[in-house]
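> have a look; sequence and predicted model below, questions after that.
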Amino acid sequence: MRLNRIWLPGVLVVAASLAGNGCILLPEIKEKIVQLAVGGTTTANFDAAGMINAFDQTTSVDISAEVNLAKILDDAGIDVSKVKDIKVSGISYRVSRPDPDASREIQGGTVTVQRPGVTSSEIQVISSFTETVNSVTTYKTAPVSAAGVTLMNGLLADMLTSVQNGTPLANPTIVYHITGISAPTGVTSNFAWEIKVNVSVLGEVTVSVPE
Amino acid sequence: MIRNLIWAIAVMVLIAAGLVAPAAAQLQDNLGALSGNNAKGYLGPLPKALSGTLNSGIFNTGRVPKSGVGFTVGVRVMGVAFDDGDRTYTPTDPAGFVGTGSVQASTIIGDTQAVTQAGVGGTTLFHPGGFDIGEFAVAVPELTIGSVAGTRAVVRWISVDVGDADFGKLELFGIGAQHSISQYFEALPLDLAAGVFYQKFKISDKLVDTKALHFDVTGSKSFGPLQPYVAVGFDNFEMSSEYDAAGTGQKISVDFDTESNMHLTVGGLLNFPVVKIHGEVNVAAVNGAAVGISFGL
C-alpha cells in the first residue's frame, strides 16, 4: 500500500510525459515553410598574353548557361514557383596565371558590363583597383559599382522569369570589358585574370519538423 | 517474446529517426549557401543540444551486481529545450560580399524567415531561415550486459539509411561500462557506481559528425520496485560539419569548440522483474529530461 503510493505517481508522470503532443520527449511533427538561401557563381576569364602597357580586353559570358538556375533549384529541392528573389551578392577577382615579371601589376583597373540587346553603353561594375599579378591568388573582394550590379540584377530577374514561365531568355549575354595599365610599361604581359560573380537565390521549401 | 520486443524497439527507433530525416535533408541545402564561419553560427545551438541529449539517460541505477547474468534491452528518449538567445546569430561577411551593416540571422532553430542583408554597391545577400524549433529530442536503443567483477557493459547502436539521397544515414554507436563502488564499502547506505560512456553520432557521414564522452558517479537506493537515483558527472563533446558549397561543390569543413561541462542527474527507476521504466531530469550543457523503458533481467 505504502509502496503503491510512492511509485504509482511515478508511473503517471512518465506516462504523462510520453502521452502529451509536442512535449520535450515526444515531438509533434509540423509542416513548416522555411525560407532557403542558395547560391551560384559565374566567372569570366581574361588573358593578357602579348599585351604591352595596357590591359584591355573584352569577354562575353552567357550568364544563363553559367548560372544554371534550374539545376541549382532542383539540387536544393526548391520548386521554381517558390523562388522569391535572385540577386548579385558580390564580385571578386583573382590571378589565375602569374606573370613571369615579378613586378607586374594592373594599375587603375576597371571593369564594365554591357547587356547587348538591352543596354547600348558600357556600365561600370568594378571601380578602380590595383593588383600585383606575380602569383596565383585567392579570390579578393572587388570594389563594386551599384549601376553595374543593377544591370546584372536585371538579367538575373529575367532569368528567373524565363525559368518560371518556361520561356527562352532573351539577351542572356553579359559583355565584360576590362581596362587598366599593365606595369611595367614597355614589357610584354603574360598573365591571366578572372572575375567571379556570386549570386544569392531566395526560395521557400516545405519541411516536416519535429517540435 | 524477445523477437516481438526487438521489433517494437526497432519501430520506435525508426519513428524517432523519421522525425528528424526531412529536416536534416534540408540542412545540407541551407548550409550550402553559407561560408564556414556562418555555418558555425547557423549550427551554433547544436553542440550543446546534442551534448545535453546524447550524454543523458545512460545510467539509471547505482546498483551493479558483483557477478551473475543480467541483460536489458530498451529505448532511451532524451530531450532538451532551447533558449531564445540561441535563435539568432550575427553573420560575418563571406568572401566577395561587404555588408553595409550587421544583421541578426536565424540559427538552425530560429525563425523560418530568411534575412536579407544589404551590401555595398547594391549587392544583396540572403541568409537562410531556421526550422523554428523549441525542443530537440533523440531516441536510441540501449543494451546492458553484466556482471563481471561488479561491472556491466552498456552499448548503444543504431544505423538507419532513410533512403533519401540528400540525407543518407543516421549512425550512432556508443559503448561504456559501469563499475560498482559500493562492493568495496559494505557499510554504504546506498548503491554507488562509477560509469564512463563514449559515443559517436553522425548524420549523412560527415554533415554532422560528433563524439561525446561522459563520466559519472551514480547513487541509488531501492524502496521496493522504486529506485530513486542521483548522478554527478562530466560531459565532453566535439562536433564538426562538412558540406558542399552551393554553386562550386567545394567541400567546406567546420570544427566547433569543444563543449565541457558538469552534469547533474536526478531520476527514478521503476524496477520490475522484466520491465524497467525510468525518468530523469538533467542539468548539463542544456537542461533537459530523459525517459526510458527496458526489458530484461
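Everything's here; your move. Numbers count the residues shown, from 1 in each chain, chains lettered A, B, ... in the order given.
> report pLDDT for residue B:3.
With respect to pLDDT, residue B:3 has a value of 47.
> again with the one 4 residues further on
The pLDDT attached to residue B:7 in the predicted structure is 47.
> what do you get for residue A:6?
pLDDT for residue A:6: 39.
> and for residue A:67?
In this prediction residue A:67 is given a pLDDT of 86.
> following element in sequence after the biggest helix by length in chain A, please.
When chain A is parsed with DSSP state H, its longest helix is helix A:146-165. Using DSSP states H and E, the helix or strand that follows helix A:146-165 towards the C-terminus is strand A:173-183.
> residues in contact with that following strand?
A:44, A:46, A:48, A:51-63, A:103-116, A:122, A:125, A:152, A:155, A:189, A:193, A:195 (CB atoms under 8 Å, 6 or more residues apart in numbering or on different chains). Where C-beta positions appear, they are placed from N, C-alpha and C, glycine not excepted.
> PyMOL command to pick out the buried ones of these?
Applying 16 or more other CB atoms under 10 Å in any protein chain shown to those, the buried members can be selected in PyMOL as follows:
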select buried, chain A and resi 44+46+48+51+55+57+59+61+63+104+105+106+109+110+111+112+113+114+115+122+125+152+155+189+193+195
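> now do the helices in chain B.
Using DSSP H, the helices of chain B run over B:2-32, B:36-42, B:45-54.
> ugh, wrong one, I meant chain A
Using DSSP H, the helices of chain A run over A:2-19, A:63-66, A:69-76, A:146-165.
> of these, which shows the lowest average pLDDT?
Among the helices of chain A, helix A:2-19 scores lowest, at a mean of 40.
> so what's the residue count around residue A:47?
Other residues within reach of residue A:47, judged by other CB atoms under 10 Å in any protein chain shown, total 16.
> contacts only, for it.
Counting by CB under 8 Å, 6+ apart, residue A:47 has contacts A:57, A:97, A:192.
> ok, and what's touching stretch A:103-119?
Outside stretch A:103-119, the residues within contact range by CB under 8 Å, 6+ apart are A:55, A:120-134, A:142, A:148, A:151-152, A:154-155, A:170-171, A:173-184, A:189, A:191, A:193, A:195.
> any idea which of the helices of chain B scores lowest on pLDDT?
helix B:2-32 (a mean of 53).
> please save the CA atoms from the longest helix of chain A in CSV.
Output in CSV follows, covering the C-alpha atoms of helix A:146-165 (Å, rounded to 0.1, in the frame of the first residue of the first chain):
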residue,chain,number,x,y,z
ALA,A,146,25.8,50.0,-58.0
ALA,A,147,24.9,50.7,-61.6
GLY,A,148,26.7,47.6,-62.9
VAL,A,149,25.1,45.5,-60.2
THR,A,150,21.7,46.8,-61.1
LEU,A,151,22.2,45.8,-64.7
MET,A,152,23.2,42.3,-63.7
ASN,A,153,20.3,42.0,-61.3
GLY,A,154,18.0,42.9,-64.2
LEU,A,155,19.4,39.9,-66.2
LEU,A,156,19.0,37.6,-63.2
ALA,A,157,15.4,38.7,-62.7
ASP,A,158,14.7,38.0,-66.4
MET,A,159,16.4,34.6,-66.0
LEU,A,160,14.1,33.8,-63.1
THR,A,161,11.0,34.8,-65.1
SER,A,162,12.1,32.7,-68.0
VAL,A,163,12.6,29.6,-65.8
GLN,A,164,9.3,30.2,-64.0
ASN,A,165,7.4,30.7,-67.3
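> so where is chain B shaky, pLDDT-wise?
B:1-29, B:161-168, B:246-249 (pLDDT under 70).
> what's the domain layout of it?
Using automatic domain parsing, the domains assigned to chain B come out as B:2-82+B:135-296, B:87-133.
> which of those sits closest to residue A:138?
Residue A:138 lies closest, by CB to CB, to one member of those: domain B:87-133, at 8.0 Å.
> tell me how far the ends of the closest one are from each other?
Chord length of domain B:87-133, first to last residue, is 9 Å (CA to CA, to the nearest Å).
> ok, residue A:188 to chain B distance?
31 Å (CB to the nearest CB, to the nearest Å).
> in space, what's closest to that residue - neighbours in sequence excluded?
The shortest distance from residue A:188 to any non-neighbouring residue, by CB to CB, 6 or more residues apart in numbering or on different chains, is to residue A:52 (5.5 Å).
> how about residue A:148?
Per CB to CB, 6+ apart, closest to residue A:148 is residue A:125, 2.6 Å.
> and for residue A:128, the neighbour number?
Look at residue A:128: counted by other CB under 10 Å, it has 11 neighbours.
> how about residue B:186?
6.
> look up how far residue A:35 lies from the residue nearest to residue A:148.
28 Å (CB to CB, to the nearest Å).
> what do you get for residue B:104?
15 Å.
> got it, and residue B:154?
Separation of residue B:154 from residue A:35 (CB to CB) stands at 42 Å.
> go on, residue B:276?
From residue B:276 to residue A:35 the distance is 45 Å (CB to CB).
> same question for residue A:77.
Counting by CB to CB, the gap from residue A:77 to residue A:35 is 13 Å.
> ok, now residue A:116?
34 Å.
> what parts of the stretch 51-200 of chain B come near chain A?
Residues of the stretch 51-200 of chain B found near chain A (CB under 8 Å from any CB of the partner chain) are B:77-81, B:94-98, B:112-114, B:116, B:119-135, B:137, B:166.
> out of those residues, list just those in strands.
B:77, B:78, B:79, B:80, B:81, B:116, B:124, B:125, B:126, B:127, B:135, B:137 (DSSP state E).
> run through the bridge partners of the third one.
Right, residue B:79. residue B:137, residue B:289 (DSSP bridges).
> that one - how many residues pack around it?
26.
> that one contacts residue B:135, doesn't it?
Yes - Residue B:79 is in contact with residue B:135 according to CB atoms under 8 Å; the separation is 5.7 Å.
> all set, thanks.
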